[in-house]
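# Prediction below, plus the sequence it came from.
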Amino acid sequence: MTSIQIFNYAGVFVFAATGGLAASRRQLDIIAFVFLAAVTGIGGGTLRDLILGVPVFWVREPGYILVCAAAAIIVYFSANLLESRYRLLLWLDALGLSAYSVMGAAKALALGFSPTIAVVTGILTATFGGVLRDIVSGEPSVLMRREIYVTAALAGSAAYTLLLGLSAGPEMSALLAALTAFAVRGGALYFGWTLPNY
Amino acid sequence: MTSIQIFNYAGVFVFAATGGLAASRRQLDIIAFVFLAAVTGIGGGTLRDLILGVPVFWVREPGYILVCAAAAIIVYFSANLLESRYRLLLWLDALGLSAYSVMGAAKALALGFSPTIAVVTGILTATFGGVLRDIVSGEPSVLMRREIYVTAALAGSAAYTLLLGLSAGPEMSALLAALTAFAVRGGALYFGWTLPNY
Amino acid sequence: MTSIQIFNYAGVFVFAATGGLAASRRQLDIIAFVFLAAVTGIGGGTLRDLILGVPVFWVREPGYILVCAAAAIIVYFSANLLESRYRLLLWLDALGLSAYSVMGAAKALALGFSPTIAVVTGILTATFGGVLRDIVSGEPSVLMRREIYVTAALAGSAAYTLLLGLSAGPEMSALLAALTAFAVRGGALYFGWTLPNY
């Protein structure tokens, strides 16, 4: 398994865990945990692949589904130990957003699409899983919160596109870009960073 | 028309009828009835076909759209006779879920995908139309109810995959698997069955 | 640039502007304005292309994304001058719906699909961007309002399909059909037109 693949699996895992946390907040059963974890974990990447016109990633590698199920089961048996599940959901969502903003841009660039499309795909991939999770579980969308959110996804996918264009290696670019996105979103969560609101 | 096709049409019809019932609860006009019926009736199968990378089924066979329109019109002119439209919506939704859990798995297997993918596709196909209906009509999602729901879709698609693997004929497998799904979801509706909730 | 392309860009622009107005009602930041504008502006056309099985239009012509960004920025810096932003949103939505009902049908017919599919695709294209906007921004869906909505999209896509079938030129057909849709939806907004509600 390459380090990029590990990166992919990690992104799916943490996003899936946020789906499990949303399920725990709605007091659903274990199968619904797995369902919501899978929708969140693979939703963004599914949209990315449909838009790019390539086979959906998890149809070829069912391991991604198993990772979602594992994340759901771990959350099912441990979330009761947490003090604030929504707080953890937001932080894991920040991790997933960081990984996915890079994965989205990386796949578009690898397929030969333009930098503009790569940045847009990165943002859509990073945000769509969480949007689906919030819609299906009936929570207010995380996108509608005041702190910086979409901007972090933009930072990650733009940084990756830029670094790769500057001939940084793909693994170094991915790592630095994901750290950029996480720094932006993490700062927003920790310090309440906002851009000027309307 | 093969018996599998009749099965497909029946599934689309009952799901479309739930869309019509949702429209009647929102007191929409006849065109909006047809719209919501079509979104519900063909939404799950559309997602299935996009994920599997095959042409969307109703684009090739516009009869499915006409079936949705017929379901909407029947509901428009008869739903006022009903005592509890939401109760009927839930039971028709159970029928649609049963048919679609099989249709989703069957198409994936027929295209040569693995059993894991077939089960996942079955679940997504069976649930996505209802999710769309509830989102568009602004109802709380049926998935968020406490009684067993996703589990019934899992039972149907897993049963079909298993029976076909055991060399039962496709028609017998489809019938038994749909009955399994309906027994699980029907029991949940009638007796209030739940799995242990979180 | 052909006049059909100008038509396409105009439709994307006005729909994107409604996304910006929705963002202003939620007091989001500029990046979220652009995001919501893009989702609304290109959402319907993206669904159309996925269903028809052709490459997603904006992936090939990134100019559409820039148009969405421009619409968002213009709304960001001018919406505070407006007396009623929701009223403007509804009227721009009517313009977008009119353009998109034609664009949806036109693309399906140009690809050789049947009139039925063209009308259905026209309706889906015209309504889906607004549905996404309302879902993501947490507003009640514009589809659930009592005044005529889906019917206007049907009028536009059916008129285009009919006029083209009667050998009117594509540009004249597009113009007349969009005017038809806008007359229906505009009348609904201005005079409160409804079909008999359930």
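Everything's here; your move. In this text the structure is predicted, and so the values were computed from the model without any measurement.
# ok, and the closest non-adjacent residue to the closest residue to chain B within chain A?
In chain A, no residue comes nearer to chain B than A:Asp29, which is 3.6 Å away by C-beta to the nearest C-beta. C-beta: built from backbone N, CA, C; applies to glycine. Among residues not flanking A:Asp29 along the chain, B:Leu195 sits closest, at 3.6 Å (C-beta to C-beta, 6 or more residues apart in numbering or on different chains).
# in which helix or strand would I find the one you found?
Secondary structure assignment for B:Leu195, by DSSP states H and E: no helix or strand.
# Quick one, grab the pLDDT at it.
Listed pLDDT for B:Leu195 reads 88.
# For C:Ile117, see how far away A:Ser157 is.
Noted for A:Ser157: a distance of 35 Å to C:Ile117, by C-beta to C-beta, to the nearest Å.
# higher neighbour count, these two?
Taking other C-beta atoms under 10 Å in any protein chain shown, A:Ser157 and C:Ile117 do not tie; A:Ser157 has more neighbours (32 against 23).
# was I right about that one contacting A:Leu124?
No: the criterion here is C-beta atoms under 8 Å, and A:Ser157 misses it with A:Leu124 at 9.4 Å.
# for the worst-scoring helix or strand of chain A on mean pLDDT, which positions count as buried?
In chain A, no helix or strand scores lower on mean pLDDT, DSSP states H and E than helix A:3-25, which sits at a mean of 90. Across helix A:3-25, burial judged by 16 or more other C-beta atoms under 10 Å in any protein chain shown covers A:7-25.
# Any part of that helix near chain B?
Yes: judged by C-beta under 8 Å from any C-beta of the partner chain, helix A:3-25 comes into contact with chain B at A:Ala23, A:Ser24.
# Does that helix pack against any helices or strands, and if so which?
The contact analysis (3 or more C-beta pairs under 8 Å, 6 or more residues apart in numbering or on different chains; DSSP states H and E) places helix A:3-25 against helix A:30-52, helix A:63-78, helix A:85-110, helix A:115-137, helix A:170-191.
# among the ones you listed, which is nearest chain C?
helix A:115-137 (4.3 Å).
# who touches A:Ala155 in this structure?
A:Ser101, A:Thr180, A:Ala181, A:Val184 (C-beta atoms under 8 Å, 6 or more residues apart in numbering or on different chains).
# Most neighbours among these, which one is it?
Neighbour max across the contacts of A:Ala155 (other C-beta under 10 Å) = A:Ser101, 36 neighbours.
# Quick check: closest non-adjacent residue to it.
Using C-beta to C-beta, 6+ apart, the closest residue to A:Ser101 is A:Gly156 (3.2 Å).
# pretty sure that neighbour is touching A:Leu97, no?
Yes: contact criterion C-beta under 8 Å: A:Gly156 and A:Leu97 qualify, at 7.4 Å.
# Tell me the residues that contact both of these two, please.
A:Ala126, A:Ala181.
# Residues of chain A that sit close to chain C?
Going by C-beta under 8 Å from any C-beta, the residues of chain A near chain C are A:50-53, A:113-114, A:116-117, A:120, A:123, A:127, A:131, A:135, A:140-141, A:143-144, A:146, A:148-151, A:154, A:194-198.
# hmm, try it at 6 Å
Counting by C-beta under 6 Å from any C-beta of the partner chain, chain A comes close to chain C at A:50-51, A:53, A:116-117, A:120, A:141, A:144, A:150-151, A:154, A:195, A:197-198.
# Narrow those residues to those that are buried.
A:Leu50, A:Ile51, A:Thr116, A:Ile117, A:Val120, A:Ser141, A:Met144, A:Val150, A:Thr151, A:Leu154, A:Leu195, A:Tyr198.
# Pick out the lowest-pLDDT one from those residues.
A:Tyr198 (76).
# Cheers, nothing more for now.
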